[in-house]
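Novice: sequence unknown, structure follows:
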DNA sequence: AGTAAGGCGGAAAGCGCTTTCCAACGGCGT
DNA sequence: ACGCCGTTGGAAAGCGCTTTCCGCCTTACT
């Protein structure tokens, strides 16, 4: 009758205290199957459980039930507002599904991505969400196939943001269409000499956005950034220095656009009168930079919650997320 | 000899395939204790394990070893750059300790916070990091004591960011000193009529920052925000409308400062010539808003990695994180 | 009343792994 | 040659929980 057991109470102890069998205790505390337990016993068990401060043991449950309530989310960097917003959306959805989210940051190292996939597999995560993989297209199939082999058989699902080819359900942001929208906007403003601050060319997202843009307006120059603010700054700086005649630049994502804005400022170019800048994603904060950023909006929270939904729902092919133009103050007519 | 077992291989199967006992397989695959295994056997086991694509079963290990490699991180909202930056720091440190991080967003609902604590306990997380709790000071002790009772006995640690009173190790950002720094800066610029956009008064962080500020410069008016950008906007709007004579405002965090900047703009007040604005935290992006925000800098990544360190290290009291003033362009001399 | 049909509690067999504990096996000293 | 000790492999006992299967007891029906 000790009220403060020095160690975490177990179901067995609750059962004993309530004078019922382990099975009964399990039934009332988890009451899954159609089985019912007499009200009196149920109450006794519940009472003892709370008196003993019983907390179920998820690992043991996982072992016995052969499934967990964990989903893994692999991102490049959770401090990046793009991933942070997606993660928030995913977590909100996770709550609706009674799931916990394990987040892993690869800091853009492919090796780490592989390692985390393995660890998430070891945890028997229900699903693994690749919010942005270093492995896309055929490379994906080749390098990740191994790491994913057997995961599906074991009941695990893999879903991704962006196209990863064969067999992986994904939510597809409208990268191509969105970038085309950005280009059209610039065209309508009379820009013809425009540069683009791109990203690592191996990523499918980069290829899509670049292609979408160029399908409308061939870039006069493109330079490669790394999706970081400082990378965007450096890229823009060299771009604007080498091509002073550019009247607009398209950054493949907003955080690089932040850097572009800063570079323009440092180079004495007035935005938007001297130079128009347009980004992509519409991350929170895009409206507050100086000047407020014109960008292509993706509903990042929705993106996150959809991908989580895909991850736990039945395999259902891919869903796409629309992109829209939001005009703020970083773009204006050419000259 | 099937090469593609339809189900995840188990240690037993690896052992059988390698012709050794389960115990031996376990020893080579996890080789913890001083025990050694003959080289030949070790190689055979390793070979079979990789041929069978063996992946250890973390839940089972957790059960047998009575410990996991999970730490929980509870934040208000991972999309908030403040928490995102902290999480990134924590995850980097987690990697060094071979831990996985389970992130939970409470979206500022105390009820959810309690629920997640329970779930993390159920997962047998090694430690729970309260990055920002709705329960502070005595309220903390009262309401959370129950939820945490027994967790320590069971080996779990609870650490927090900010002061939570009794028994909880914490990393303490220099909230008081930092806010005092902000006030001094404003004073040195000649401001005397300053307003502050505060946060939920129940939070210790809010109390500390407010007190620190007022210890140097009594606020002419304080209005309560909610640490969101739009909350900051609304608060600033009413503040500036009701007290048009204010020459400066201190926002308790940068994201509210974003809102203050926007409100000032909408109200036709020029920052910094008409109105100085200073924030707190120096979140990534603070340098890119218009105008670049003067703020009190906290090394958020460091904060995150320190708190993770505290969580897995031995109980060692609290550590504090310094704050420093970074002057950008949102503050200027009064009048 | 007698019996078939349910409802409901309990015993027990695992789930995959770690970790004692024991036994077998060489090599050594005397 | 013989007994000892240091090594190293294996058997087995759990870790805390779920779930099937059994059997008892209560109802209801003829």
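Specialist: Here it is on my side, so go on. The shown structure was predicted, so the numbers you read here are calculated from the model rather than taken from an experiment.
Novice: can you tell me how far the nearest residue to residue A:20 once chain neighbours are set aside sits from DNA strand C?
Specialist: Among residues not flanking residue A:20 along the chain, residue A:41 sits closest, at 5.6 Å (Cβ to Cβ, 6 or more residues apart in numbering or on different chains). The C-beta positions use only the backbone N, C-alpha and C, and glycine is treated the same way. Distance, residue A:41 to DNA strand C, using Cβ to the nearest atom of the strand, to the nearest Å: 4 Å.
Novice: list the buried residues of the helix or strand hosting residue A:41.
Specialist: Assigned by DSSP states H and E, residue A:41 belongs to helix A:39-51. For helix A:39-51, the neighbour count (16 or more other Cβ atoms under 10 Å in any protein chain shown) marks A:41-42, A:44-46, A:48-49 as buried.
Novice: go on, stretch A:242-259?
Specialist: Neighbour counts over stretch A:242-259 (16+ other Cβ under 10 Å) mark A:246-259 as buried.
Novice: in helices, which of those residues appear?
Specialist: If you go by DSSP state H, the buried residues of stretch A:242-259 have A:254-259 in helices.
Novice: distance to residue B:191 for those residues - can I get that in CSV?
Specialist: Below are these laid out as CSV (distance: Cβ to Cβ, whole Å):
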residue, distance to residue B:191
A:254, 33
A:255, 33
A:256, 36
A:257, 33
A:258, 29
A:259, 32
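Novice: looking at those, which two lie furthest apart in space?
Specialist: Largest separation among those by Cβ to Cβ: A:254 and A:259, giving 10.0 Å.
Novice: coming back round to it: in CSV, list the buried residues of helix A:39-51 along with pLDDT and distance to residue A:274.
Specialist: Output for the buried residues of helix A:39-51, formatted as CSV (pLDDT from 0 to 100; distance: Cβ to Cβ, whole Å):
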residue, pLDDT, distance to residue A:274
A:41, 89, 78
A:42, 92, 74
A:44, 94, 77
A:45, 95, 73
A:46, 95, 70
A:48, 94, 74
A:49, 95, 69
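Novice: who in the stretch 51-200 of chain A is up against DNA strand D?
Specialist: Counting by Cβ under 7 Å from any atom of the strand, the stretch 51-200 of chain A comes close to DNA strand D at A:54, A:56-57, A:60-61, A:63-65.
Novice: ok, those vs residue A:121, which is closest?
Specialist: Minimum separation from residue A:121 among those (Cβ to Cβ) is found for residue A:63, which lies at 15.7 Å.
Novice: which ones are touching that closest one?
Specialist: Listed by Cβ atoms under 8 Å, 6 or more residues apart in numbering or on different chains, the contact partners of residue A:63 are B:57, B:59-60, B:63.
Novice: I'd like to know which of the residues you listed is nearest to residue A:331.
Specialist: Among these, and counting by Cβ to Cβ, the member closest to residue A:331 is residue B:59, at 52.4 Å.
Novice: state the phi and psi torsions of the closest one.
Specialist: Note on residue B:59: backbone dihedrals following degrees, to the nearest 10 are phi -60, psi -40.
Novice: that one reaches residue A:123, doesn't it?
Specialist: Yes: with contact defined as Cβ atoms under 8 Å, residue B:59 reaches residue A:123; the gap is 7.4 Å.
Novice: overlap in contacts of those two?
Specialist: residue A:68.
Novice: count of neighbours near residue A:219?
Specialist: A total of 18 residues lie near residue A:219 under the criterion other Cβ atoms under 10 Å in any protein chain shown.
Novice: pretty sure it contacts residue A:196?
Specialist: Yes: the criterion here is Cβ under 8 Å, and residue A:219 meets it with residue A:196 at 4.7 Å.
Novice: what sits in contact with each of those two?
Specialist: Residues touching both residue A:219 and residue A:196 by Cβ under 8 Å, 6+ apart: A:210, A:213, A:250.
Novice: dump the residue contacts of the first one.
Specialist: I take that to be residue A:210. A:179, A:196, A:198, A:219, A:222, A:252.
Novice: now it: which helix or strand?
Specialist: helix A:204-216.
Novice: what about the helix or strand following that helix, average pLDDT?
Specialist: Downstream of helix A:204-216, the first helix or strand assigned by DSSP H and E is strand A:221-224. For strand A:221-224, mean pLDDT rounds to 97.
Novice: which residues sit against strand A:221-224?
Specialist: In contact with strand A:221-224 (Cβ under 8 Å, 6+ apart) are residues A:195-201, A:210, A:235-236, A:238-239, A:242-243, A:246.
Novice: cool, thanks, signing off.
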